[in-house]
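> From the sequence below, what's the structure:
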Amino acid sequence: MKLKLLLSFLLFTFLYCFAQPQKTINGTVVCNEIALEKIDVVNLISKKSSTTDSQGNFSIEAKVGDELFVLSNDYYDIKISLTKEDFKLEKFIINLSKKPIELDEVTINKVEKISIKVSPEEIRMAKIAKFENSPKVLGVYTGEMPYGVDFVGLFKKIFKSNKKKDKEETPKFASFKEYALSIFDLKEFFYIKLNLKPEELDLFMAYCENGITYREIMKNGNPLETMGFLISKNEEFKKLGR
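This next block holds a predicted model:
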């Protein structure tokens with residue numbers, strides 16, 4: 001009897017979580033209490049978007065747990081994970097920070113290493129979702145490793161048993177690395193946003209290919225889904241003891 005009650009409770013909880021209706025959330029984007037117009041707000045989960053009016057107001061459909069990506073040219077872009085409390089507010093306020101004036105290349109490099117929150121590549125990917133355009137090839141990488149250490153061979157030996165399960169249909173690209181580099185810029189996304197070292201790139205790509213998830217990512221060809229996958233894998237990769 002207790003088992004039946006437990007299963008009924010779990011089933012009810014499961015159905016409730018997946019049956020949450022989307023609601024319209026009304027908000028205002030400001031900087032130092034000044035309303036900002038023409039700021040794009042993108043729901044990374046539903047791919048819906050909105051743009052602020054002259055009063056900084058916007059409306060967008062979302063539900064608890066969705067992520068809003070707020071982007072512009074003159075302000076730092078941010079991601080916001082929506083909670084129940086956000087939907088209770090009469091007006092959801094989003095505060096942005098003004099980017100400093102970039103005077104020269106040295107200043108730009110310092111800003112990118114210290115202050116940047118979202119790379120230009122992520123901005124392009126969010127705009128792709130908004131206008132539903134196909135991704136653009138931004139860069140090609142030769143695959144050479146600066147220090148000559150065969151990290152890929154070492155990593156693939158460790159996960160050889162898992163890789164055997166991944167042999168299904170032949171993908172459009174020869175490897176996940178080739179696919180990822182056809183969407184994201186090597187320097188802007190991998191070296192700056194993910195903070196990978198050049199000698200870590202091949203090892204990181206091999207780590208991404210551990211399991212079957214990366215095949216679904218390649219098959220779907222969704223830039224935002226790919227970006228989320230790479231960011232998640234990078235967090236796991238940084239925790240590995242190497």
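
> Who does T51 form a beta bridge with?
Taking DSSP bridges as the rule, T51 bridges to D40.

> thinking it is in contact with V41, fair?
Yes. Using C-beta atoms under 8 Å, T51 is in contact with V41, at 7.3 Å. Where C-beta positions appear, they are placed from N, C-alpha and C, glycine not excepted.

> Looking at those two, which has the bigger crowd around it?
More crowded of T51 and V41, by other C-beta atoms under 10 Å: V41, with 25 against 14.

> and the closest residue to F173 other than its chain neighbours, what does it touch?
With C-beta to C-beta, 6 or more residues apart in numbering as the criterion, F173 has its nearest non-adjacent residue at 4.0 Å, and that residue is Y179. Applying C-beta atoms under 8 Å, 6 or more residues apart in numbering to Y179 gives the contacts P171, K172, F173, M218, T226.

> one more time with 10 Å
Contacts for Y179 (C-beta atoms under 10 Å, 6 or more residues apart in numbering) come out as P171, K172, F173, M205, Y214, I217, M218, K219, G221, T226.

> Is E61 located within a strand, as I assumed?
Yes. Assigned with DSSP: H, G, I helix; E, B strand; the rest coil, E61 falls within a strand.

> Got the phi and psi for F190?
phi -80, psi -40 (degrees, to the nearest 10).

> Kindly tell me how buried S97 is, as a neighbour count.
So S97, with other C-beta under 10 Å, has 13 neighbours.

> mind checking how far it is from N32?
9 Å (C-beta to C-beta, to the nearest Å).

> partners of the host helix or strand of T28, with directions?
Using DSSP states H and E, T28 sits within strand 23-31. Strand 23-31 has its sheet partners listed here by DSSP bridges as strand 34-35 (antiparallel), strand 57-62 (antiparallel), strand 92-95 (parallel).
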